[in-house]
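Undergrad: A predicted structure for the sequence below; I have some questions about it.
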Amino acid sequence: MPKTRSATDKLFLLLKGLGMGAANKVPGVSGGVVAFVAGFYEEFIYSLQKINAKALKLLVYRKFTTFYQYINGQFLFFLILGMLVSYFSVSKILDYLIERYELYVWGTFFGMIAASVFSIAKDFKEWNYKSILGVIFGIIFGVAISLMDPAQQNDNLAFVFFCGIISVSGMTLPGLSGSFILILMGNYVLLLVDSVNALYDTLYELLGANFSFIHNAERLRLLTVLAAFTAGSAVGLVSLSHLLSYLIKHFKNITYSIITGFIAGSLGVVWPWKEKIMDTNELGIISLDSTGKQIIKNYERYWPEWNQQTIWVIAFMGLGIFIILALEWYGAKTRQERA
């Protein structure tokens, strides 16, 4: 039975959830990297893996306390709470920063991911031809994803449900960015911007006892889309955790080597110096999303000139490296205290 956590542990779990939620929102960044480097990735996967037939049986028989303990409920509750809070707060701040200080934000994330690769690789003890091939495969897969062109937006509920299953990979598989996958599937704006804004507006209206949204067909469509996406995410989170739990248990070295490759391959996605390639229609006019923002089709990466701005970006890369080293130190300290 999982031990009761102190108030400090609960606070740090909440902060970890905030970090994972914020990372999942940014294209090219994986919340799973936060879990991996901070030292709670395996506990996260194994806790989700406990949501199974036995857990369902406990719920059916109303053994709620036993169910809560069985799934490591305290851990999951505060972690997921942090993610939800992040979804409507920290991620909004990140959107603001990316819009106004894009180059520096990407520099920070690049430093974080580069440091994560080093952090994981230095602790990997059993290097052999299988693990090396695993790293190479992960890098190739990660780079290939970063070079793909996005599809067109599709609000079919079955496809949206599938998007939910795929997008949650960023939480369970470090290096594979769920939000970037949504861009490739064409539904990033629909699912992480339009639908979330619709929910935010609806909640705000409900707090003021305003129910006019029930007559707003577009609002109801977006809320239905968000419900399908959320359901798919829940299914994906549980199913992927079962698969990864099995792989970690039986093929830990090769699994971790592929994860290391994924993270290294994702560096191309967050490379700070890139020129936006805008989506245009048949007349050559730049396409706009529902909020009036220009839709980005892809990026063309380039090598920067040496100037003051480049120096500042490198400094923010250093900040990203420092953040990961601090997370690693905290993760190591936490593991020692529990040993």
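TA: Perfect, thanks for sending it. Numbering: from 1, shown residues only.
Undergrad: run through who's touching stretch 73-90.
TA: Applying C-beta atoms under 8 Å, 6 or more residues apart in numbering, the contact partners of stretch 73-90 are 2, 4-5, 10, 13-22, 24-25, 31, 43-44, 47-48, 67-68, 196, 200. Just so you know, the C-beta spots here come from the backbone N, C-alpha and C atoms, and that holds for glycine as well.
Undergrad: now the residues you listed: which count as buried?
TA: Using 16 or more other C-beta atoms under 10 Å as the burial test, the contacts of stretch 73-90 include 10, 13-22, 24-25, 31, 43-44, 47-48, 67-68, 196 as buried.
Undergrad: could you find the closest non-adjacent residue to residue 147?
TA: Nearest residue to residue 147, sequence neighbours excluded (C-beta to C-beta, 6 or more residues apart in numbering): residue 268, at 7.6 Å.
Undergrad: is it true that the one you found touches residue 144?
TA: No: under the criterion of C-beta atoms under 8 Å, residue 268 makes no contact with residue 144, lying 9.7 Å away.
Undergrad: these two: who's more crowded?
TA: residue 268 (19 against 11; other C-beta atoms under 10 Å).
Undergrad: can you pull the contacts of that one?
TA: 142, 143, 146, 147, 301.
Undergrad: low-confidence ranges, the stretch 51-200 of the chain, go.
TA: 88, 90-92, 123, 149-151, 170, 175-176 (pLDDT under 70).
Undergrad: ok, 90 please
TA: 51-56, 58-65, 67-103, 105-106, 108-132, 134-135, 137-156, 162-200 (pLDDT under 90).
Undergrad: grab the longest helix from this structure for me.
TA: helix 217-250 (DSSP state H).
Undergrad: what packs against that one?
TA: helix 41-49, helix 157-167, helix 169-172, helix 195-207, helix 252-265 (3 or more C-beta pairs under 8 Å, 6 or more residues apart in numbering; DSSP states H and E).
Undergrad: swap the cut-off to 6 Å and go again
TA: Packing partners of helix 217-250 (3 or more C-beta pairs under 6 Å, 6 or more residues apart in numbering; DSSP states H and E): helix 41-49, helix 157-167, helix 169-172, helix 195-207.
Undergrad: hey, which of these is tucked in deepest?
TA: Among these, helix 169-172 has the highest mean neighbour count (mean count of other C-beta atoms under 10 Å), at a mean of 26.
Undergrad: so what touches that one?
TA: 24, 30, 31, 32, 176, 177, 178, 240, 241, 244 (C-beta atoms under 6 Å, 6 or more residues apart in numbering).
Undergrad: which of these fall in strands?
TA: The members of the contacts of helix 169-172 all map outside strands under DSSP state E.
Undergrad: return the subset of the residues you listed lying in helices.
TA: Judged by DSSP H, the subset of those located in helices is 24, 31, 32, 178, 240, 241, 244.
Undergrad: now distance to residue 229 too, for those, in a markdown table please.
TA: Putting the ones in helices among the contacts of helix 169-172 into a markdown table (distance: C-beta to C-beta, whole Å) gives the following:
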| residue | distance to residue 229 |
| --- | --- |
| 24 | 13 |
| 31 | 16 |
| 32 | 19 |
| 178 | 11 |
| 240 | 16 |
| 241 | 18 |
| 244 | 21 |
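Undergrad: can you tell me which of those is closest to residue 252?
TA: Closest approach to residue 252 among the ones in helices among the contacts of helix 169-172 (C-beta to C-beta): residue 244, at 10.7 Å.
Undergrad: which residues does that closest one contact?
TA: Contacts for residue 244 were tallied using C-beta under 6 Å, 6+ apart; they are 45, 172.
Undergrad: please report how far it lies from residue 323.
TA: As defined by C-beta to C-beta, to the nearest Å, residue 244 lies at a distance of 25 Å from residue 323.
Undergrad: repeat for residue 50
TA: If you go by C-beta to C-beta, the gap between residue 50 and residue 323 works out to 30 Å.
Undergrad: my read is residue 300 is in a strand, agree?
TA: Yes: under DSSP: H, G, I helix; E, B strand; the rest coil, residue 300 falls within a strand.
Undergrad: can you get me a residue count around the nearest residue to it once chain neighbours are set aside?
TA: Nearest non-adjacent residue to residue 300, counting by C-beta to C-beta, 6+ apart: residue 275, 4.7 Å away. For residue 275, the neighbour count with other C-beta under 10 Å is 9.
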